[in-house]
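**Q** this one's structure only:
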């Protein structure tokens, strides 16, 4: 298991007329958090893409527990529970400033060889960084 | 069961550097489709909100089958399978121009009395329009 | 001069906690309207891009007169006042349901040869459609 | 004159199929930067709103010099050149990682008394923090 933490502020343009962060933004918060997770491996999603592998989302699940308001600082835990196979599943927990869990979800991503536009295996530059984290 | 259809175009600002509609937009497409569904009942989400009931999302599930590209016309079927109780679940099917199912999902919404900021029952103005559709 | 009209609805996810369409959305409405303008020429922005020419924005000016609210139908007039040279300027007028002008602006776009990543002249497939409109 | 600096990362969901941050996002970057500017005064936009004053945008001008790419760190300078009267004008300069100016613009905001829905003077809680900065 490997966990990273990302901190962000709810932006004004993310609020809606209910006065809270619109629900679609959490899917974007997850992406921001995932970017940080990959950086924690000494890698970047950009490098992955430039090496020829895209990682399209194939499933999103998101549970809303409590709303977040403008300018609130949110902390997102991104959790990888197991080594990826043909897919990789990230789990997310979003906490508000008071430390309360307000949202949780997970996303499943595939690996695509961009040239062939076909499913590919986990790129080795990613795998070699993940293995040590799960070896014991 | 009650089904409505919504048609929309993928906007340029919705594309990402993979060259396809970014996955977060489908959550927004669902919302646009849901707005149409409620209008098909001779009601509007705006009226619902003005009558004091907000409908916050409490769960989103979204499965991505195939990407959509800029300017593609998408058709979204919004399906209500059963009468709401304290929650209402909408199912969505997104078809591309070629008629292929490219995404499906569902959202669960609660009903909130805005003044009390507490869960409420299904507003009667909604219920009275839904009952006939399910009374066989 | 050539003018087209685009109609769209303010989406819930476009509202902010002031209860109106967030100001950043007008820049996106302009883009939607511009797409329609180009289609009115029997062309598509997609074709332009596929022919090797991108049209990056180099200037946006936007004046907000009155807010728009959720689910309101807006009509956008897109106006081309003169033939493009190395740049093309579109003017926009946004009207609300009551027919009142609520926003106006203009955008200046350049033409870029995507392969060379350098400024290019107006693509001939665009120019040949515009000339007749301005030849009086 | 008072200047603040804001740092942010270009998000994947902000890119478009040209492979760069979509132009509409700069309007949002300005807003994020403006929020920081107000915080630098020991105030928050949220406090301003809660005190009954909204600050709707009435004009945006934005000049695009060079694109920004995914995951790039941008630095935004927000500049207030003079004390507000019935309006307040913020100037913005966006620099990329290499320190190059890639975008600049300004926004004009009005002050609205939310209860009366009418133009109001600059709220005193803002003015009292700005005066010392401009008193030479």
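**A** In hand now; what should we look at? If you're wondering where the values come from, they're calculated on a predicted model, not measured in any experiment.

**Q** May I ask you to confirm that residue A:82 is in contact with residue A:130?
**A** No. Look at residue A:82 against residue A:130 with C-beta atoms under 8 Å: they stay out of range, at 9.6 Å. Bear in mind the C-beta positions are built from the backbone N, C-alpha and C, glycine included.

**Q** between the two, which one's more packed in?
**A** The neighbour comparison of residue A:82 against residue A:130 (other C-beta atoms under 10 Å in any protein chain shown) goes to residue A:130, with 18 against 10.

**Q** would you say that one is within a strand?
**A** No. Assessed by DSSP: H, G, I helix; E, B strand; the rest coil, residue A:130 does not belong to a strand; its assignment is helix.

**Q** Quick one: residues contacting it.
**A** A:2, A:41, A:80, A:83-84 (C-beta atoms under 8 Å, 6 or more residues apart in numbering or on different chains).

**Q** Can you tell me which residues in chain A are near chain C?
**A** A:12-13, A:15-17, A:19-20, A:22, A:24, A:70 (C-beta under 8 Å from any C-beta of the partner chain).

**Q** just the buried members of those?
**A** Buried residues within those, counting neighbours by 16 or more other C-beta atoms under 10 Å in any protein chain shown: A:12-13, A:15-17, A:20, A:22, A:24, A:70.

**Q** Using the three-state scheme, assign the residue most central in space within chain A.
**A** Nearest residue to the geometric centre of chain A (C-alpha atoms, centre = their mean): residue A:34, 2.9 Å. Put simply, residue A:34 is helix when judged by three-state DSSP.

**Q** The least confident helix or strand in chain A by mean pLDDT and chain D, any residue contact?
**A** Every helix and strand of chain A was ranked by mean pLDDT, DSSP states H and E. The lowest is helix A:45-50, at a mean of 88. Yes. Shown here: helix A:45-50 in contact with chain D (C-beta under 8 Å from any C-beta) through A:45-46.

**Q** Excluding sequence neighbours, find me the nearest residue to residue A:68.
**A** Spatially, and ignoring its direct neighbours in sequence, residue A:68 is nearest to residue A:21 (4.5 Å; C-beta to C-beta, 6 or more residues apart in numbering or on different chains).

**Q** do the same with residue A:41
**A** That would be residue A:129: by C-beta to C-beta, 6+ apart, it lies 4.1 Å from residue A:41.

**Q** and that neighbour, how many neighbours?
**A** 15.

**Q** ditto for residue A:73
**A** Counted with other C-beta under 10 Å, residue A:73 comes out at 12.

**Q** Give the bridge partners for it, please.
**A** Residue A:73 has the following beta-bridge partners by DSSP bridges: residue A:9.

**Q** measure residue A:115 to chain C for me?
**A** Going from residue A:115 to chain C by C-beta to the nearest C-beta, to the nearest Å gives 18 Å.

**Q** who touches that residue in this structure?
**A** residue A:52.

**Q** and if you look at residue A:73?
**A** A:7-9, A:96-97.

**Q** Using ChimeraX, make a named selection holding only the buried ones among those residues.
**A** Burial among the contacts of residue A:73 is assessed by 16+ other C-beta under 10 Å; the matching ChimeraX selection reads:
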select /A:8,96
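
**Q** which of the contacts of residue A:73 lies closest to residue A:116?
**A** For the contacts of residue A:73, the closest approach to residue A:116 (C-beta to C-beta) belongs to residue A:8, at 35.2 Å.

**Q** quick one on the thing from earlier: how much space between the residue nearest to the centre of chain A and chain C?
**A** 21 Å.

**Q** Please, where are all the helices along chain A?
**A** Using DSSP state H, the helices of chain A run over residues A:24-39, A:45-50, A:124-134.

**Q** who wins for proximity to residue A:103 among those helices?
**A** Of the helices of chain A, nearest to residue A:103 by C-beta to C-beta is helix A:24-39, at 5.4 Å.

**Q** Identify the residue spatially nearest to the residue of chain A most remote from its centre, adjacent ones excluded.
**A** The centre of chain A is farthest from one residue, residue A:17, which by C-alpha atoms, centre = their mean lies 26.6 Å away. With C-beta to C-beta, 6+ apart as the criterion, residue A:17 has its nearest non-adjacent residue at 4.1 Å, and that residue is residue C:15.

**Q** list the contacts for that neighbour?
**A** Neighbours of residue C:15 in contact, by C-beta under 8 Å, 6+ apart: A:16-17, C:21-22, C:69-70.

**Q** Quick check, pLDDT for the residue lying closest to residue A:76 once chain neighbours are set aside.
**A** Distance criterion C-beta to C-beta, 6+ apart; nearest residue to residue A:76, sequence neighbours excluded, is residue A:33 at 4.1 Å. Looking at residue A:33, its pLDDT stands at 98.

**Q** Tell me how far residue A:33 lies from residue A:42.
**A** Applying C-beta to C-beta, to the nearest Å, the value for residue A:33 to residue A:42 is 17 Å.

**Q** neighbour-wise, which of those two wins?
**A** The neighbour comparison of residue A:33 against residue A:42 (other C-beta under 10 Å) goes to residue A:33, with 25 against 9.

**Q** any idea how far that one is from residue A:70?
**A** From residue A:33 to residue A:70 the distance is 20 Å (C-beta to C-beta).

**Q** Show me which residues of chain A are close to chain D?
**A** A:9, A:11-13, A:28, A:31-32, A:35, A:44-46, A:70-71.

**Q** Contact partners for residue A:71?
**A** Per C-beta under 8 Å, 6+ apart, neighbours of residue A:71: A:9-10, A:12, D:35, D:44-46.

**Q** whoops, I mixed them up, residue A:69
**A** Contacts of residue A:69 by C-beta under 8 Å, 6+ apart are A:10, A:15, A:19-21.

**Q** Roughly how far does it sit from residue A:103?
**A** 13 Å.

**Q** Surely the residue farthest from the centre of chain A is in contact with residue C:70?
**A** Yes. With contacts counted by C-beta under 8 Å, residue A:17 reaches residue C:70, the gap being 6.1 Å.

**Q** Now for those two: what residues contact both?
**A** Counting by C-beta under 8 Å, 6+ apart, the residues touching both residue A:17 and residue C:70 are C:12, C:15, C:19.

**Q** Isn't the last one up against residue A:18?
**A** No. Taking C-beta under 8 Å as the contact criterion, residue C:19 and residue A:18 are not neighbours in contact, 9.6 Å apart.

**Q** need the contact list for residue A:61.
**A** Neighbours of residue A:61 in contact, by C-beta under 8 Å, 6+ apart: A:105-107, B:59-62.

**Q** so where is chain A shaky, pLDDT-wise?
**A** For chain A, the stretches with pLDDT under 70 are A:136.

**Q** Point out the most buried one among the helices of chain A.
**A** Ranked by mean neighbour count, the helices of chain A are led by helix A:24-39 with a mean of 22 (mean count of other C-beta atoms under 10 Å in any protein chain shown).

**Q** Could you list the residues in contact with stretch A:83-98?
**A** With contact meaning C-beta under 8 Å, 6+ apart, stretch A:83-98 is reached by A:26, A:29-30, A:33-34, A:37, A:55, A:58, A:66, A:68, A:72-82, A:101-111, A:119, A:121-122, A:126-127, A:130-131, A:134.

**Q** List the buried residues of that stretch.
**A** Using 16+ other C-beta under 10 Å as the test for burial, stretch A:83-98 gives A:84, A:88, A:90-96.

**Q** For those residues, work out which two are farthest apart.
**A** A:84 and A:96 (29.9 Å).

**Q** tally of neighbours for the nearest residue to residue A:36 once chain neighbours are set aside?
**A** Nearest residue to residue A:36 in three dimensions, chain neighbours excluded: residue A:6, at 4.5 Å (C-beta to C-beta, 6+ apart). By other C-beta under 10 Å, 21 other residues sit near residue A:6.
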